[in-house]
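Undergrad: I would like to see how this sequence folds:
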Amino acid sequence: MSNWKYPGLLLLGVGVSNIGAWVYFIALNLIVLERTGSAFAVSILYILLPISALLTSLWSGSVIDRINQRRLLVLLDVSRAALVFSLTLIDSLFVLYALVFILNIGNTLFETSSLIYMTKLVPENNCQRFNALKNFIQSAGFILGPSIAGFLFLIGSPETAIVLNAGALLFSAILLSCLPNVHLHSREKTTFSLRLILSDWKETLVFARTRRYIAVVYAFYALTIVLMSGLDSLEASFATIVLQMDESTYGFLVSIAGVGIICGSAVNAIFTRRLTIRFLIQFGALMTPVGYLIFASATSFLIAAIGFFLLTFALAFANTGFMTFAQTHIPVELMGRFLSSIHVMQSIGVILLTALIGFYAETSIRLTYTVASVGFLLIGGLIVFIVQDRTKRHYFTTETDEMFKISS
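TA: Numbering: from 1, shown residues only. Just a heads-up that it's a prediction; the model follows:
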């Protein structure tokens with residue numbers, strides 16, 4: 001239990017922040033819609049996310065790898081709390097978009113920094129279970145966040161929910177400040193500049209060339225996220241237009257998806273010693289697109305629900321497997337720069353694929369969704385083939401696996 005004291009605090013801090021993020025984003029959607037009455041004005045909030053992630057990932061790795069990650073996480077939580085609170089005081093829509101853009105930058109920095117800090121804090125033999133528990137908490141936020149937001153809207157207003165989210169971020173900052181410092185100080189003084197960023201990109205490319213298998217496996221994970229983002233952009237339209245669901249039925253379908261990822265994360269956490277990284281990646285990569293295909297072929301709510309549950313259940317396996325793989329094989333001192341370089345390509349892919357799928361969906365939503373799902377399944381099959389290579393078996397063996405063999 002003593003080994004889980006600090007990881008437990010970290011999980012609690014991340015969980016509180018994640019639930020607050022759901023409350024904040026739903027409330028922000030309603031605030032913009034109430035002020036403008038325009039669906040397009042709301043859609044801009046979604047467009048800002050990949051754009052800010054793209055611009056931030058170009059340089060963030062160079063910063064994150066060289067500074068104290070715990071202090072950065074605390075600073076980001078406090079700064080985001082102040083920015084979130086200020087959203088309730090602003091009338092100008094342009095200023096609101098600008099603040100949301102800055103908040104998205106903070107969110108991108110927090111996501112990468114927290115992953116690096118987790119890698120340093122959590123022992124390798126606990127890493128897989130920690131990732132499973134992290135997925136469980138984040139997926140619980142997927143259900144609890146909207147529920148809490150709905151309750152707050154009943155007793156107050158979207159502005160009230162925004163203020164409480166600012167409080168949640170401050171509480172997260174307090175929790176994170178109680179965690180130990182795991183940053184190793186460098187004697188070299190670093191001046192951040194364009195030359196340094198370009199040099200870091202070259203170093204990342206050298207790592208990708210010399211450790212090609214690691215880079216390829218993680219790049220495929222990024223590709224699956226791109227494909228899921230493109231498919232998810234059609235999800236609501238497919239459910240309401242093609243399957244003719246009303247808003248309440250679609251909301252229930254989304255809740256089933258949340259239950260799926262909670263169940264998948266729970267299975268991962270409970271059976272950590274029996275689920276190898278290889279199996280997690282293969283099962284997640286193959287069954288997630290199968291879930292999308294079932295949903296694409298649905299003609300009733302039951303079939304759609306089965307597809308939704310399966311895809312999110314399998315997604316929990318994929319997330320745990322790929323994250324553990326990355327933490328095991330990417331040097332922690334280079335992790336920020338490597339992940340940021342992948343995120344750049346991922347953000348570009350999300351923007352382009354979402355636009356492409358949206359364009360073709362104007363002709364036929366079901367056909368577009370089905371073709372994209374089949375493409376996703378082919379990519380999943382390729383991932384299974386790459387990971388199955390017996391000569392690469394050592395890449396998927398962790399300390400946990402060795403300990404389990406000895407104890408057996």
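
Undergrad: now the strands: where do they sit in the stretch 201-350 of the chain?
TA: Counting by DSSP state E, counting those that start in this stretch, one finds no strands in the stretch 201-350 of the chain.

Undergrad: what about the helices in it?
TA: 212-232, 235-237, 247-270, 277-296, 301-329, 335-361 (DSSP state H, counting those that start in this stretch).

Undergrad: got CSV for the ones you listed, with distance to Leu176, mean pLDDT and mean neighbour count too?
TA: In short, each C-beta sits where N, CA and C put it, glycine included. Putting the helices of the stretch 201-350 of the chain into CSV (distance: least, Cβ to Cβ, whole Å; pLDDT from 0 to 100; neighbours: other Cβ atoms under 10 Å) gives the following:
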stretch, distance to Leu176, mean pLDDT, mean neighbour count
helix 212-232, 26, 91, 19
helix 235-237, 33, 80, 15
helix 247-270, 22, 84, 18
helix 277-296, 28, 94, 23
helix 301-329, 19, 92, 23
helix 335-361, 17, 87, 19
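
Undergrad: Ile386 is nearest to which of these?
TA: When the helices of the stretch 201-350 of the chain are compared by Cβ to Cβ, helix 212-232 sits nearest Ile386, at 6.7 Å.

Undergrad: point to the residue nearest the middle of this structure.
TA: By Cα atoms, centre = their mean, the chain has its centre lying nearest to Glu111, at 7.9 Å.

Undergrad: give me the angle between the helix or strand containing that one and helix 301-329.
TA: In this structure, Glu111 sits in helix 93-121 according to DSSP states H and E. With axes from the mean of the first three to the mean of the last three Cα atoms, to 10 degrees defining the directions, helix 93-121 sits at 60 degrees from helix 301-329.

Undergrad: helices or strands next to helix 93-121 in the packing?
TA: Judged by 3 or more Cβ pairs under 8 Å, 6 or more residues apart in numbering; DSSP states H and E, helix 93-121 is in contact with helix 5-36, helix 39-57, helix 60-64, helix 69-86, helix 124-155, helix 301-329, helix 335-361.

Undergrad: centre of the chain versus it, how much separation?
TA: On the basis of Cα atoms, centre = their mean, to the nearest Å, helix 93-121 sits 12 Å off its chain's mean C-alpha point.

Undergrad: list the buried residues for that helix?
TA: Neighbour counts over helix 93-121 (16 or more other Cβ atoms under 10 Å) mark 96-97, 99-101, 103-110, 112-121 as buried.

Undergrad: among the helices and strands packed on helix 93-121, which is nearest Phe376?
TA: helix 301-329 (9.9 Å).

Undergrad: re the thing from before, now do the helix holding Glu111, average pLDDT.
TA: Mean pLDDT, helix 93-121: 89.
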